[in-house]
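Colleague: Please find the sequence and the predicted model below.
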Amino acid sequence: MRKINWFFGILLLAIISFAPVKAEVDLKQGKKLHDAKCMFCHKPDSPTFYTRKNRDIKSYDSLKTRVETCANRLKIPWFPDEEVTDVTAYMNAEFYKFKKEAAKK
Ligand code: HEC
């Protein structure tokens, strides 16, 4: 019985210590994906499309939705929890700079 408890203890520890790593966003990966797939329509040079005054996107959530929409339109198979999250985080860090939600994810 003691052995089993040890086993589950260590297993639990492993899960707890690995979980945050998996949930972390990868800005570099986001930039890489964005630059590879999105640049031919959205060239982030001046005048910048993403940072223009009358841009559509007003929140982190709608940014994420738009990333997903643009990817879907282009038939790019990105997962919401992985590529879409990374690209959204990158775009937010680089262009949109929404505060609260950026800290959350
Ligand atoms: C075929 C051209 C094209 C490609 C490639 C493209 N988009 Fe777009 N995107 C558009 C157009 C056109 C708009 C503006 C009109 C609209 O909202 O549909 C837009 C708007 C956006 C906006 C909103 C900009 C604003 O006003 O703040 C975001 C964010 C965005 N795209 C993200 C992406 C991402 C991420 C990718 C790569 C997966 C991507 N787009 C690839 C054509 C494209």
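Modeller: Perfect, I can see it now.

Colleague: Only the buried residues of stretch 82-97, if you could.
Modeller: Residues of stretch 82-97 classed as buried: 83-92, 94-96 (neighbour count, 16 or more other Cβ atoms under 10 Å). All C-beta spots, glycine's among them, are computed from the backbone N, C-alpha and C.

Colleague: nope, stretch 31-48 is what I was after
Modeller: Using 16+ other Cβ under 10 Å as the burial criterion, the residues of stretch 31-48 that qualify are 31, 33, 34, 37, 38.

Colleague: Show the overlap between those and what lies near the ligand.
Modeller: Counting by Cβ under 6 Å from any ligand atom, 34, 37, 38 from the buried residues of stretch 31-48 sit close to the ligand.

Colleague: quick one: secondary structure of the nearest residue to the second one once chain neighbours are set aside?
Modeller: Translated: residue 37. Ranked by Cβ to Cβ, 6 or more residues apart in numbering and with sequence neighbours excluded, the top spatial neighbour of residue 37 is residue 76, at 5.5 Å. Secondary structure, DSSP: H, G, I helix; E, B strand; the rest coil: residue 76 is coil.

Colleague: got the residues of the protein near the ligand?
Modeller: Counting by Cβ under 6 Å from any ligand atom, the positions of the chain adjacent to the ligand are 34, 37-38, 40-42, 50, 55-57, 63, 66-67, 70-71, 74, 76, 87.

Colleague: re the thing from before, take the ones next to the ligand among the buried residues of stretch 31-48 and write them to TSV, including distance to residue 4 and pLDDT.
Modeller: Below are those laid out as TSV (distance: Cβ to Cβ, whole Å; pLDDT from 0 to 100):
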residue	distance to residue 4	pLDDT
34	47	93
37	48	93
38	50	91
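
Colleague: Mean pLDDT per element in this protein, and the minimum belongs to which helix or strand?
Modeller: Every helix and strand in the chain was compared by mean pLDDT, DSSP states H and E; the lowest is helix 99-104, with a mean of 55.
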